[in-house]
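In: Sequence first, then the predicted structure:
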Amino acid sequence: MCASCVDDEHDGSLVLSWSNRLRFILPHITAAFRNGRCLSTDSSKVDEPLKVEEAETVDIPPPPTEKLLVLGGNGFVGSHICKEALSRGITVASLSRSGRSSINDPWANSIEWHQGNLLSSDSWKEALSGVTSVISCVGGFGSSSYMYKINGTANINAIRAAAEKGVKRFVYISAADFGVANYLLQGYYEGKRAAETELLTKFPYGGVILRPGFIYGTRQVGSMKLPLGVIGSPLEMVLKHAKPLNQVPLVGPLFTPPVNVNSVAKVAVRAATDTVFPPGIIDVYGILRYTQPKSS
């Protein structure tokens, strides 16, 4: 017999042998699955019935509650920011030199009021406990050195303390440039810009600066409410469409449109709590854009 015939015959015997084995094994495999059995590498478990175990229930902790600290929360802008944040279901705390606001509206009872001075670190840092975001409305007028301290140093202290505490987002209510007025209120604007620089350094991804001009709205003065919108609202309607006038040398910035305090509050709270809100400087026109209803 030739070698090729031997090989062919040998291969044929192998095929025949394995086919016989399969005919013997397959019925047993089919019976095992029909009877609810499963094969296992462990011979002791071959005859155990197939078991399906339920997945273990894992308790996922709820997301941490957002807590907003408003610096200067008992002031004109600050009080509107507190009210806006509460309306969004956010836990709100306020820090100011005088502590609790004189406002008697029901929402004020939901604020966690703190008294402290940003120029004295020992008097207020406990107010940052549990805080996830900060909005600063701190500012003031007076002598040049006083204005720099209140608008600059006080806010810089707050920015550094918030960064050390791991606060995620910080919004600073600054001010628009007013050309000639910048020189007349040098300490005011130098302080504002110093605080802005510190904020962009310490919070490059979560720092937002709002630069409104004249802010109008209902201002609480003691038991009286002054409707500043009587003047501000018409000016806003006119000047927000006169942006080219803003480029006129020296006097151009005086044509910056005023903005409603509620608009500032809405954008500030959104910037402080929306993780996708872009960091950086938002001018008055940006504030107006963010508060415009989206076109359908």
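Out: It's in.

In: Val208 should be in a helix, yeah?
Out: No. Secondary structure assignment (DSSP: H, G, I helix; E, B strand; the rest coil) places Val208 in strand, not in a helix.

In: 391 is where my numbering starts, stick with that
Out: Yep, numbering from 391; the last one is Val598 now.

In: How much space separates it from Val524?
Out: When CB to CB, to the nearest Å is applied, the distance between Val598 and Val524 equals 11 Å. Backbone N, C-alpha and C define where each C-beta goes, glycine included.

In: Overlap in contacts, those two.
Out: Overlap of the contact sets of Val598 and Val524 (by CB atoms under 8 Å, 6 or more residues apart in numbering) consists of Arg559, Phe560, Val561, Ala662.

In: could the residues you listed go into JSON lines alongside secondary structure?
Out: Converted to JSON lines, the shared contacts of Val598 and Val524 look like this (three-state DSSP):
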{"residue": "Arg559", "secondary structure": "strand"}
{"residue": "Phe560", "secondary structure": "strand"}
{"residue": "Val561", "secondary structure": "strand"}
{"residue": "Ala662", "secondary structure": "helix"}
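
In: Out of the residues you listed, the closest to Gly542 would be?
Out: Nearest to Gly542, judged by CB to CB, of the shared contacts of Val598 and Val524 is Phe560 at 15.3 Å.

In: Just to check, that closest one is in contact with Arg550?
Out: No. Phe560 lies out of contact with Arg550 (CB atoms under 8 Å); the separation is 10.5 Å.

In: related to what we said a few turns ago, between Val598 and Val524, who's got more neighbours?
Out: When Val598 and Val524 are compared for neighbours, Val524 comes out ahead with 29 against 26, by other CB atoms under 10 Å.

In: now the helices for the stretch 541-686 of the chain?
Out: Applying DSSP state H, counting those that start in this stretch to the stretch 541-686 of the chain gives helices spanning 544-554, 570-574, 576-592, 619-629, 651-663, 674-680.

In: Just the mean pLDDT for the third one, thanks.
Out: Model confidence over helix 576-592, given as mean pLDDT, is 95.

In: and stretch 579-588, which residues are buried?
Out: Neighbour counts over stretch 579-588 (16 or more other CB atoms under 10 Å) mark Tyr579, Glu580, Gly581, Lys582, Arg583, Ala584, Ala585, Glu586, Glu588 as buried.

In: With that, I have no additional questions.
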